[in-house]
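>>> One predicted model, sequence on top.
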Amino acid sequence: MHSETEFKQEEYLERVDKISQFIDNHNKKDIQTAEDIQLLVDTFYDHVKLNQIIGPIFTETIPVDWEHHLPKMYKFWGSILLGERSYEGNPMQRHVEISGLTAMGAEEFSEWLLIFTSTVNSLFEGEKAKEAIVRAGNISRLMLHNIEQKKT
């Protein structure tokens, strides 16, 4: 019988293997489809969950319901990068609320951006990939600014 942590690590390793096979069997391409967005989001959050700096925010502070959260993130990034216009919500408000429960400062947002950037660069290349990184940086800075303003 496996512990929950062992199961998550096995699941993670299976996904890493799948991603590695994808990279080995394909030249990098640009972000073009909903499937690309899903690969990006899934891979990103796989790394986030295991990260020592921001992982606990998602796994302990506000245990994320991944079955609910991931489809929202597919819509969020699909709307931004593919023009799908499928996302409805206010991520800024939610992050400001969460910042009242845990540390969410420059270190956490820098780590988030580092993971996002390395995920994009490991899977894709091209104009949309560059745009994803620029947009993520803008989002990160804006969220940090709004959270810091709330504290004052």
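Right, received. Where do you want to start?
>>> residues of whichever helix in the chain runs longest that come out buried?
Assignment by DSSP state H gives helix 127-151 as the longest helix of the chain. Within helix 127-151, the residues scored as buried using 16 or more other Cβ atoms under 10 Å are 128-129, 132-133, 136, 139-140, 143-144, 147. The C-beta positions use only the backbone N, C-alpha and C, and glycine is treated the same way.
>>> which one among those residues gets closest to Asn90?
Met143 (11.6 Å; Cβ to Cβ).
>>> quick revisit: for the longest helix of the chain, which helices and strands make contact with it?
helix 66-82, helix 91-99, helix 106-123 (3 or more Cβ pairs under 8 Å, 6 or more residues apart in numbering; DSSP states H and E).
>>> List the buried residues of the shortest one.
In terms of neighbour count (16+ other Cβ under 10 Å), helix 91-99 has its buried residues at 95-96, 99.
>>> now swap in the longest one and tell me
Buried residues in helix 106-123, counted by 16+ other Cβ under 10 Å: 108-109, 111-113, 115-117, 119-120, 123.
>>> outside of it, which residues touch it?
When contacts are defined by Cβ atoms under 8 Å, 6 or more residues apart in numbering, helix 106-123 is touched by residues 19, 22-23, 28, 31, 39-40, 43-44, 47-48, 51, 53-54, 57, 129, 132-133, 136-137, 140-141, 143-144.
>>> again, but for the first one
With contact meaning Cβ under 8 Å, 6+ apart, helix 66-82 is reached by 31-34, 37-38, 40-42, 45, 84-89, 91, 128, 131-132, 135.
>>> how many degrees apart are that helix and helix 127-151 in direction?
120 degrees (axes from the mean of the first three to the mean of the last three Cα atoms, to 10 degrees).
>>> CA atoms of helix 66-82 as CSV?
The C-alpha coordinates for helix 66-82 follow below in CSV (Å, rounded to 0.1, in the frame of the first residue of the first chain):
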residue,chain,number,x,y,z
TRP,A,66,-7.1,20.2,-9.0
GLU,A,67,-10.1,18.8,-10.9
HIS,A,68,-11.7,22.2,-10.6
HIS,A,69,-8.6,24.4,-10.8
LEU,A,70,-6.8,23.0,-13.8
PRO,A,71,-9.8,23.4,-16.2
LYS,A,72,-10.0,27.1,-15.1
MET,A,73,-6.3,27.5,-15.8
TYR,A,74,-6.7,25.9,-19.3
LYS,A,75,-9.4,28.5,-20.0
PHE,A,76,-7.4,31.4,-18.5
TRP,A,77,-4.3,30.7,-20.6
GLY,A,78,-6.3,29.7,-23.6
SER,A,79,-8.1,33.0,-23.4
ILE,A,80,-4.8,34.9,-23.1
LEU,A,81,-2.8,33.1,-25.7
LEU,A,82,-5.3,31.7,-28.1
